[in-house]
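> I would like the atomic coordinates for the input below:
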Amino acid sequence: RRPPLPGVDLVHGDYYDLHEATVQPRVPVQRPHPPICIGGNGERRTLRTAARFAQHWNFLGGSPEEFAHKREVLHGHCADLGRDPGEILLSTHVRFEGDFAATAAAAAGLGEAGAELAIVTLLPPHSPGVLEPLAEALAEAAEPEDGEVSARNSAAPTPVIAVKRTEVMIGGAGNVARNLVSLGTRCIFVGVVGDDDGGRALSEALATHPLIEFHLVVDAARQTTRKARFVSEHHSTHMLRADWEVASAVDAASEDALISHAIKAMSRVGAVVLSDYAKGVLTPRVIRAVIDAANKLGKPVAVDPKGRDYSIYKGATLITPNRQELADATHRTAQTDDEVAAAASELGRALGMQAVLVTRSEAGMTLVGEGGAIHVPAYPVRVRDVSGAGDTVVAVIAAMLAMQADLESAMRAANAAAAVVVGKRGTATLSVAEL
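Modelled structure (predicted):
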C-alpha cells in the first residue's frame, strides 16, 4: 500500500494476494475456482499433481540448478498428460538477507533457469528503507530479453509482449513429415487444409522441402488449423497460445479424397504413419481404409493416437501412447514399470497389434510386444521444450520400420531422437549426425 517503487509491479504483505494479482489476469481459467497454486521443493508426487492441476507452480527455494531440474521433470509430466507446460506459471522464492546485489543475482540466476516470477522474501526484522535500493537492484537485474513481457497494459491488467521475431513452422502431422525428411527419408504427406491464407502458406512451406511430396485436400468449409505461440526468447517459456481451428469430422467428399491419395501412394512407401491430432481428418472411415490397404500390401503402420477409443486403430502394427494416454485408454494405473507393461499388454491384445510403445518422459520408454516388456531409460539431457517430441518419436519409429529394423532397435533410436529434440527450442527436428 506504499507508493509505487521503480521496477516494482506490486508490493503486498500477503503472498496469496500477490498470486491473485499476478497470475489471474495472465492465465484465464474456465472454472468456478481461482487459479490453483501448488508449491513445494519439487518432490515427484507434488510435480505430477502440479502438472495435472496447477496454473501456478511455486518452488519454495533452492539453487538455479535445482530449479532447472525440477522444471524439466514438471515439463516431462506435462508431456505425459498432453498439456502445454506454458500454461503453468513458474515462480520461486529468494531470501533477502541484507545484500542487495546478491539477492538480485540470485533472482536473475533463477530467471536464467526458467523462473518467470521471483518472490523476494524480507525476513523480519527489516526496515522499509531497504525497499527502494532493493527494487533498484532487482530492476537492473531484470532487464527484459527479446520477446519477453516488457510492460504492463495500462488499459487492463495484462502483460504486453515485445515481439522481436516471428517464425512460421509446419505443425501437426506436418511436423512428422519434417522430422522424416530431416533424417533423409522421402515422405508422401496427405492432409486437409482450408481455402485460406493458412492453407496457401502451408503449401508454400511444404514446397521448400524437396523430399516431401504433398497432397493437400482443400475443404472450403474449413479453416486451416493454425496455432500461434508467444514464447520467451530467453527461457523458451510458452506465455500464450492462440488457436484457429475446426475440429469436427471432415465431410464424405474429403474422406474420399484422403483415402484415394493414401491408397495410390501405398505401393511406393516403406511404412505408414497415422498422426492423429483429433482435428477431424482421421475419421474412423479414413483410418480403417488406410490400415486395411497397408495390411494388404504388408506395410507397417505406426499410430500416434488421440482420444480414448483406440479400437479405431485396430490392426495397425504399433501405437505410441504416452503414459497418461495409456492409462486413460485402458482405465488402469500406469506409473511403475510393471503397471505400464500390464496396461500396454492389455491394449496390444485388444487391438491386435504387434507392439505398444509407451513414452514415459523422464522414465524413458517401454516397448511391450510378443517377447514381453523392454524398458529403456531416458538420456540425461537438459529439457528446453517438449513441443513436438511425440512427432519425432513416431517419425523415427516409421523410418526404422521402413528399413525393416526390429521393434527394439526402432524404440532405442526413437528414444535417442527424443533426447535431441527436447533440448531445442520449439517443434524441432534432428539430423542423422545428431541421432
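> list the contacts of the nearest residue to residue 271 once chain neighbours are set aside.
What sits nearest to residue 271 in space, not counting adjacent residues and going by CB to CB, 6 or more residues apart in numbering, is residue 402, at 4.0 Å. All C-beta atoms are positioned from the backbone trio N, CA, C, and that covers glycine. For residue 402, the contact set (CB atoms under 8 Å, 6 or more residues apart in numbering) comprises 185, 269-271, 300.
> how about residue 211?
With CB under 8 Å, 6+ apart, residue 211 has these contacts: 180-181, 184-187.
> looks to me like residue 160 is in a helix.
No: under DSSP: H, G, I helix; E, B strand; the rest coil, residue 160 falls outside any helix and is assigned strand.
> for the stretch 1-150 of the chain, give me the ranges with low pLDDT.
For the stretch 1-150 of the chain, the stretches with pLDDT under 70 are 1-35, 40-44, 126, 142-150.
> and the helices in it?
15-23, 44-53, 64-81, 100-112, 131-141 (DSSP state H, counting those that start in this stretch).
> okay, the angle between the last one and helix 100-112?
Between the direction of helix 131-141 and that of helix 100-112, the angle (axes from the mean of the first three to the mean of the last three CA atoms, to 10 degrees) works out to 40 degrees.
> kindly format the C-alpha coordinates of helix 131-141 as CSV.
Below are the C-alpha coordinates for helix 131-141, written out as CSV (Å, rounded to 0.1, in the frame of the first residue of the first chain):
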residue,chain,number,x,y,z
LEU,A,131,12.7,-1.5,-0.3
GLU,A,132,13.9,1.2,-2.7
PRO,A,133,17.5,0.1,-3.1
LEU,A,134,16.4,-3.5,-3.3
ALA,A,135,13.9,-2.6,-6.0
GLU,A,136,16.6,-0.7,-7.9
ALA,A,137,18.9,-3.7,-7.7
LEU,A,138,16.2,-6.1,-8.8
ALA,A,139,15.1,-3.9,-11.7
GLU,A,140,18.7,-3.7,-13.0
ALA,A,141,18.9,-7.5,-13.0
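> distance from it to the middle of the chain?
35 Å (CA atoms, centre = their mean, to the nearest Å).
> also the fourth one?
The offset between the C-alpha centroid of helix 100-112 and the centroid of the whole chain comes to 28 Å, using CA atoms, centre = their mean.
> which residue is the nearest non-sequential neighbour of residue 240?
For residue 240, ignoring the flanking residues on the chain, the nearest one in space by CB to CB, 6+ apart is residue 230 at 4.4 Å.
> direction included, what does the one helix or strand the one you found maps to pair up with?
Counting by DSSP states H and E, the element that carries residue 230 is strand 226-231. Strand 226-231 has the following sheet partners, assigned by DSSP bridges: strand 238-244 (antiparallel).
> export the helix or strand that the partner strand is followed by to CSV, keeping only CA atoms.
Going down the chain from strand 238-244, the next helix or strand is helix 252-266, by DSSP H and E. Extracted as CSV, the C-alpha positions of helix 252-266 are listed here (Å, rounded to 0.1, in the frame of the first residue of the first chain):
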residue,chain,number,x,y,z
ALA,A,252,-17.6,-37.6,-47.1
ALA,A,253,-16.0,-35.9,-50.2
SER,A,254,-12.9,-35.0,-48.2
GLU,A,255,-12.8,-38.5,-46.8
ASP,A,256,-12.9,-40.0,-50.3
ALA,A,257,-10.1,-37.7,-51.5
LEU,A,258,-7.9,-38.6,-48.5
ILE,A,259,-8.4,-42.3,-48.9
SER,A,260,-7.7,-42.0,-52.7
HIS,A,261,-4.4,-40.2,-52.2
ALA,A,262,-3.3,-42.7,-49.4
ILE,A,263,-4.2,-45.8,-51.4
LYS,A,264,-2.5,-44.5,-54.6
ALA,A,265,0.7,-43.8,-52.6
MET,A,266,0.7,-47.1,-50.6
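> show residues contacting the helix or strand following helix 252-266.
Proceeding N to C from helix 252-266, the next assigned helix or strand is strand 272-275, under DSSP H and E. The contact list for strand 272-275, computed with CB under 8 Å, 6+ apart, reads 172-173, 176, 262, 266, 282, 287, 290-291, 294, 299-304, 313, 316, 391, 394-395, 398.
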